[in-house]
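# Here you go, sequence then predicted model.
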Amino acid sequence: MKRTTGAALSLALLLSAWPAAADQAGAAGKTSYTREYGIRTPDKTPVLKPKWQLQADPAGGGASEISTADGRLFYSYKNKLISADAKTGKQKWTYNARRSSPLLVGGGSLYFVNSQGYLVKLNAKTGAAGWKTKIADASEDAFYSLAQEGKTLYVTETGSLAAYDVSTGKRKWKTKSQEIGSPQYRGTYNGIVVVSGMESGAITTTPYYGYDAASGKRLWELPGIHSDVLDEQDGHLYLRNEWPVLDNGYAAVIDKVNVKTGKIAETLSYIPEMDVFANYATAVVIDGKSIYIEQQPSAGNSRVTVFSLDRDPDKQTPRVYDNHGQWLAGPYATRLYFEVNQKLIGVKIGGNGFIVFNGAVGTIAQLDLLDQAAVIGLTDGQVYLANASTGKVAGKVITGAKRFGVAQEESGMAIIQAEDQIYAVALPASLTK
């Protein structure tokens, strides 16, 4: 036995040193890769047990498919609208309908458009029908948006905007068919309903329109390409002017528009750039008298420049936040929130200090700031609840989702929609004080 074993070992050594045959494949390609994230401590975050869990129509990617108010949750599932108690998850009522709009709740009522083309009002507490108004032909594909301003509901359709009385469902006025291409309601300011549209041509433009809230009469039109309403102050709208974005020589251009006339009162140009294509502003936020302008000089890295809104941009030295990763949210709770190396940090506005949300480590799919709470959904399905001011993590919820809807807070509960599941957890005391 010893002699046989020795012979086998000698043969193995000889073969290992022998040159490979000409028709034998060479060395194997690289078949393994490990990303280096550095040394990390074990995650000892306590797991929070949901108070209740429900199945719903799927949502994700920042969409909000649920509404909450007065201790209730409203959602849809399999062509039914359902109301549930926010604390217990116990079903209160159901209403048979396939919705073709988001659920809008306010003033004790729930509004939506169904697939038969009816605008419907329900009693939010009982589910009893209040009224329904035919606004369009039946369609399984049409989708509508709703907004409430005082005693008026605004409904945008494919090519029009209509105003309805919330008490009776009676239509107050409606724009002519196709008068506005792809209308979007932008708000009502000083009795003026502001709507954006879309016009296709050699260049697709996004003009803005102003309508009298009482009569529906068009008062003005602002041509060009303007983005969302950033803010309204002192009778003026602040709109980002992107016509044409690559030729103006600045990272961001803001038009200050008189809301009554639609006339541009002032144009503010921020951050001159030789190469606007590579350095255009990826986001603009106005908070009070400060304007925050984000640029992304490299993937995953934001440069946020802060100017005073009421001063000439060329006559001030802005504050710059750089090398903190990608800007996700803020200003909120005196901080800007960034993701860097799969961690969430909160940078103090006007200072140099920052906090680290140590428990949450992973790619962030959804971040929602709700009063004192930061709800952080990761692509691995874990959702962390932390104090937005201190970064201290109170606990986490385990889900199987990669995409999340917008989290909401109701009756001391954090309500999280994770794809086709709704989870509710009681907010820890550290997140409610």
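Okay, I see it. Numbers count the residues shown, from 1 in each chain.
# Let me know the pLDDT of residue 25.
If you check residue 25, the pLDDT there is 52.
# One more: residue 9?
37.
# Following element in sequence after the one helix or strand in the chain whose mean pLDDT sits lowest, please.
Least confident helix or strand, the chain: helix 2-17 with a mean of 41, by mean pLDDT, DSSP states H and E. Sequence-wise, the next helix or strand downstream of helix 2-17 (DSSP states H and E) is strand 52-55.
# which residues sit in contact with residue 303?
By Cβ atoms under 8 Å, 6 or more residues apart in numbering, the contact list for residue 303 reads 294-297, 320-322. From N, CA and C alone the C-beta is placed, and that goes for glycine too.
# Taking those residues, tell me the two that lie furthest apart.
Longest distance between any two of the contacts of residue 303 is 13.8 Å, between 296 and 320; criterion Cβ to Cβ.
# Look at the two and report which has more neighbours.
residue 296 (17 against 11; other Cβ atoms under 10 Å).
# Which stretches in the stretch 151-300 of the chain count as helices?
Along the stretch 151-300 of the chain, counting by DSSP state H, counting those that start in this stretch, helices occupy 276-279.
# low-scoring stretches of it, by residue?
Within the stretch 151-300 of the chain, the segments meeting pLDDT under 70 span 246.
# Kindly report the same for the stretch 1-150 of the chain.
Across the stretch 1-150 of the chain, the ranges flagged by pLDDT under 70 are 1-27, 35-41, 60-64.
# let's see 90
By pLDDT under 90, the low-scoring segments of the stretch 1-150 of the chain are 1-44, 58-65, 137-143.
# picking that back up, nearest to residue 359, of the contacts of residue 303?
Distances from residue 359 to the contacts of residue 303, taken by Cβ to Cβ, are shortest for residue 321, at 23.6 Å.
# What remains of the contacts of residue 303 if I keep only buried residues?
Among those, the ones that count as buried by 16 or more other Cβ atoms under 10 Å are 294-296, 321.
# Can I get these in CSV including distance to residue 96?
As requested, those are exported to CSV (distance: Cβ to Cβ, whole Å):
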residue, distance to residue 96
294, 45
295, 50
296, 47
321, 51
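# Which of these fall within strands?
Taking DSSP state E as the definition of strands, the buried ones among the contacts of residue 303 contribute 294-296, 321.
# Pull out the buried positions in stretch 253-265.
Neighbour-count burial for stretch 253-265 [16+ other Cβ under 10 Å]: 253-259, 262, 264.
# Restrict that stretch to CA atoms and write it as CSV.
Provided in CSV are the C-alpha atoms of stretch 253-265 (Å, rounded to 0.1, in the frame of the first residue of the first chain):
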residue,chain,number,x,y,z
VAL,A,253,-31.6,80.1,-14.6
ILE,A,254,-34.7,81.1,-12.5
ASP,A,255,-37.5,83.3,-13.7
LYS,A,256,-39.4,85.3,-11.1
VAL,A,257,-42.9,85.5,-12.6
ASN,A,258,-45.8,87.8,-11.5
VAL,A,259,-48.6,85.4,-10.7
LYS,A,260,-51.4,87.9,-11.8
THR,A,261,-49.9,88.8,-15.2
GLY,A,262,-47.6,85.9,-16.1
LYS,A,263,-44.9,88.5,-16.9
ILE,A,264,-41.2,87.8,-15.9
ALA,A,265,-40.3,90.4,-13.3
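# Quick check: residue 230 touching residue 254?
Yes - in this structure, residue 230 is within contact of residue 254 by Cβ atoms under 8 Å, at 7.1 Å.
# which residues do those two both contact?
Contacts common to residue 230 and residue 254, judged by Cβ under 8 Å, 6+ apart, are 238-240, 284, 291.
# Of the residues you listed, which pair is most distant in space?
Going by Cβ to Cβ, the pair spanning the shared contacts of residue 230 and residue 254 furthest: 239 and 291, at 12.6 Å.
# Ends of stretch 333-346, what's the gap?
Stretch 333-346 has its terminal residues 9 Å apart, counting by Cα to Cα, to the nearest Å.
# Just the closest of the shared contacts of residue 230 and residue 254 to residue 337, please.
Closest approach between the shared contacts of residue 230 and residue 254 and residue 337, by Cβ to Cβ: residue 284, at 16.7 Å.
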